[in-house]
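Chemist: what follows is a protein structure lacking sequence information:
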């Protein structure tokens, strides 16, 4: 069989544009393809929810592939190990209550299972803004190529619509910052702003990250490290159990939101 360069190029562009058109009107849009964002995407797509994830970097995974200080091993606790078991990730018990996993295997498996469940991941796309419409509700995202932002080019973005948005952008909590800084909205936090993350304390952070995974503004959910950053919780370092559990919880919150009848 002879390969034609133009056929290859057409296959890529036509397939991509079809996928992107379908992603312009979804039920849940997730910012950030780290462990919490992809876990949320997995559980949503598994339930038949039309879900799309936008990742500004070249590769999904967030900080998980780097493990702890570039040692590609992560730790999870018993509750989160059940999620890794479901995703087919191998774990080993280090001592009672502590399980290790290969960070590359774990992040790759979450990515694979999320996409196989039906969540669509677009990498190299940055979130420039949010859409806010009637009833002061977040109703979508405004996107541009990451390369455009990196180059400082003035190129207008495109928009997508969703019933719920999950900010899983990690420490930067980028979507929440957009909502506060550009729209001047008050979040459901003490004082209405972004409190910022505190110093590392795994025990407290792992508990708080689940408590902080919630709807922080109508239509906007925080998950993963973004949840602790917004609500003033500590960071947890290379234990990733809370990230997975937060992603699962974010999916549950999103399901509650999209099941609510629309308000006219």
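Modeler: Sure thing, it's come through. Bear in mind the structure is a predicted one, so any value in this text is a computation, not a measurement.
Chemist: all strands for the stretch 151-264 of the chain, in order.
Modeler: Secondary structure of the stretch 151-264 of the chain (DSSP state E, counting those that start in this stretch): strands at 158-167, 214-217, 220-222.
Chemist: ok, residue 226 touching residue 170?
Modeler: Yes. Residue 226 lies in contact with residue 170 (CB atoms under 8 Å); the separation is 6.0 Å. The C-beta positions use only the backbone N, C-alpha and C, and glycine is treated the same way.
Chemist: neighbour count for those two, which is higher?
Modeler: Comparing residue 226 with residue 170 by other CB atoms under 10 Å, the one with more neighbours is residue 226, at 35 against 22.
Chemist: next one: the nearest residue to that one once chain neighbours are set aside relative to residue 86, how far apart?
Modeler: Nearest residue to residue 226, sequence neighbours excluded (CB to CB, 6 or more residues apart in numbering): residue 173, at 4.0 Å. In this view, residue 173 and residue 86 are 27 Å apart by CB to CB, to the nearest Å.
Chemist: let me know whether residue 222 touches residue 233 as I believe.
Modeler: No. Taking contacts as CB under 8 Å, residue 222 lies outside contact range of residue 233: 10.6 Å.
Chemist: so between these two, which is more surrounded?
Modeler: The residue with more neighbours, out of residue 222 and residue 233, is residue 222; 34 against 24, by other CB under 10 Å.
Chemist: contacts only, for the more buried one.
Modeler: By CB atoms under 8 Å, 6 or more residues apart in numbering, the contact list for residue 222 reads 166-167, 173, 176, 212-214, 216, 230-231, 250.
Chemist: greatest separation within the residues you listed: which pair is it?
Modeler: Taking CB to CB as the measure, those span a maximum distance of 15.1 Å, between 166 and 231.
Chemist: look at these two and report which has more neighbours.
Modeler: Higher neighbour count among residue 166 and residue 231: residue 166, with 32 against 24, using other CB under 10 Å.
Chemist: shared neighbours of residue 222 and residue 233, anything?
Modeler: With CB under 8 Å, 6+ apart, residue 222 and residue 233 have common neighbours residue 212.
Chemist: ok, for residue 224, nearest residue in space, not its chain neighbours?
Modeler: Using CB to CB, 6+ apart, the nearest residue to residue 224 is residue 36, at 2.9 Å.
Chemist: that neighbour reaches residue 243, doesn't it?
Modeler: Yes. If you go by CB under 8 Å, residue 36 and residue 243 touch, sitting 4.6 Å apart.
Chemist: now for the two: what residues contact both?
Modeler: Residues touching both residue 36 and residue 243 (CB under 8 Å, 6+ apart): 224-225.
Chemist: looking at the strands of the stretch 151-264 of the chain, which one is packed in the most?
Modeler: strand 220-222 (a mean of 30; mean count of other CB atoms under 10 Å).
Chemist: let's check: the centremost residue of this structure is which one?
Modeler: Nearest residue to the geometric centre of the chain (CA atoms, centre = their mean): residue 37, 2.5 Å.
Chemist: which helix or strand contains that one?
Modeler: Element membership for residue 37 (DSSP states H and E) is helix 35-46.
Chemist: now find how far off-centre that helix is within its chain.
Modeler: Centre-to-centre, helix 35-46 and its host chain are 8 Å apart (CA atoms, centre = their mean, to the nearest Å).
Chemist: fine by me, we can end here.
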